[in-house]
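> 3D, please:
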Amino acid sequence: FAGSVGIGTTAPDTDLHVYNGSSGGSPYESTGLVVEHSGRASIQLLAPNSQDSYLFFGDANAGNRAYVGHYGSAQSPANLMVFYSAGDFGFSGGSVGIGTNGPASRLHVYTSGTTTPKLILQDTGGGAGLVNQIEFRHYTDGRVQAYIKDEILSGWPTKLHFGTANSSNAPTTKMTIDGV
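Below you'll find the predicted structure:
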């Protein structure tokens, strides 16, 4: 079979053009598949609950240079979205940049102008006893070496705790800042 195929159009713009109304745009020059719609355009991958679904990106050397995937609801962990890149596809060398395409560390949050970069930890519960925590873990066995955590007390005063591991490798509080 030679030539282009159109579904919903007799004048396909690419090798395969699925058309359901004009988007007003034109496909990128090397596009092989276009799904065009005058409203919301989408492509859906469906799999059983016990299976996962992936969209792969590759080249002549490997068919899985990058992918986006989803674990089914019966898999562990359920409904996890997976973003993978073997190179620099926005996730640069295993690092994540938010606001930058060239992260200088594993997590690099960048803002320009007068906006202050923030890292926010927020739980979904409410009330006393809630804790948000940043942990520094040992590279071989994952045990907590140090931590920073907050503690919301009744009446909403907050304590900020700093801790390190003791000789038994158990994390212990070394300093507390009391917001009362």
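> elements contacting the host helix or strand of Leu55?
Taking DSSP states H and E as the criterion, Leu55 maps to strand 52-57. The contact analysis (3 or more C-beta pairs under 8 Å, 6 or more residues apart in numbering; DSSP states H and E) places strand 52-57 against strand 66-71. Using the backbone N, CA and C atoms, a C-beta is placed for each residue, glycine as well.
> re the thing from before, show me what the strand holding Leu55 pairs with in its sheet, parallel or antiparallel.
Note on strand 52-57: by DSSP bridges, its sheet partners are strand 66-71 (antiparallel).
> residues in contact with the partner strand?
45, 52-58, 77-87, 89 (C-beta atoms under 8 Å, 6 or more residues apart in numbering).
> and if we set it to 6 Å?
52-57, 80-85, 89 (C-beta atoms under 6 Å, 6 or more residues apart in numbering).
> one step back: render the CA-only coordinates of the strand holding Leu55 in PDB, please.
C-alpha atoms of strand 52-57 as PDB (Å, rounded to 0.1, in the frame of the first residue of the first chain):
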ATOM      1  CA  ASP A  52      -0.100  -1.300  31.900                       C
ATOM      2  CA  SER A  53      -0.200   1.100  28.900                       C
ATOM      3  CA  TYR A  54       2.800   2.900  27.400                       C
ATOM      4  CA  LEU A  55       3.600   5.400  24.700                       C
ATOM      5  CA  PHE A  56       7.200   4.900  23.600                       C
ATOM      6  CA  PHE A  57       9.700   7.200  21.800                       C
END
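> which of the residues in that strand are buried?
Residues of strand 52-57 classed as buried: none (neighbour count, 16 or more other C-beta atoms under 10 Å).
> Now Asp59. Nearest residue, chain neighbours left out?
Arg65 (5.8 Å; C-beta to C-beta, 6 or more residues apart in numbering).
> ok, the one you found to Ser26 distance?
Distance of Arg65 to Ser26, given as C-beta to C-beta, to the nearest Å: 26 Å.
> where do the strands sit along the chain?
If DSSP state E is used as the criterion, the strands of the chain fall at 5-7, 16-20, 33-37, 52-57, 66-71, 81-85, 91-92, 95-98, 107-109, 133-137, 144-152, 158-165, 171-178.
> For those, give me a markdown table that also has distance to Pro117 and mean pLDDT.
Output for the strands of the chain, formatted as a markdown table (distance: least, C-beta to C-beta, whole Å; pLDDT from 0 to 100):
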| stretch | distance to Pro117 | mean pLDDT |
| --- | --- | --- |
| strand 5-7 | 46 | 95 |
| strand 16-20 | 41 | 95 |
| strand 33-37 | 37 | 92 |
| strand 52-57 | 30 | 86 |
| strand 66-71 | 26 | 83 |
| strand 81-85 | 22 | 72 |
| strand 91-92 | 18 | 56 |
| strand 95-98 | 8 | 74 |
| strand 107-109 | 4 | 77 |
| strand 133-137 | 16 | 80 |
| strand 144-152 | 17 | 80 |
| strand 158-165 | 20 | 82 |
| strand 171-178 | 22 | 74 |
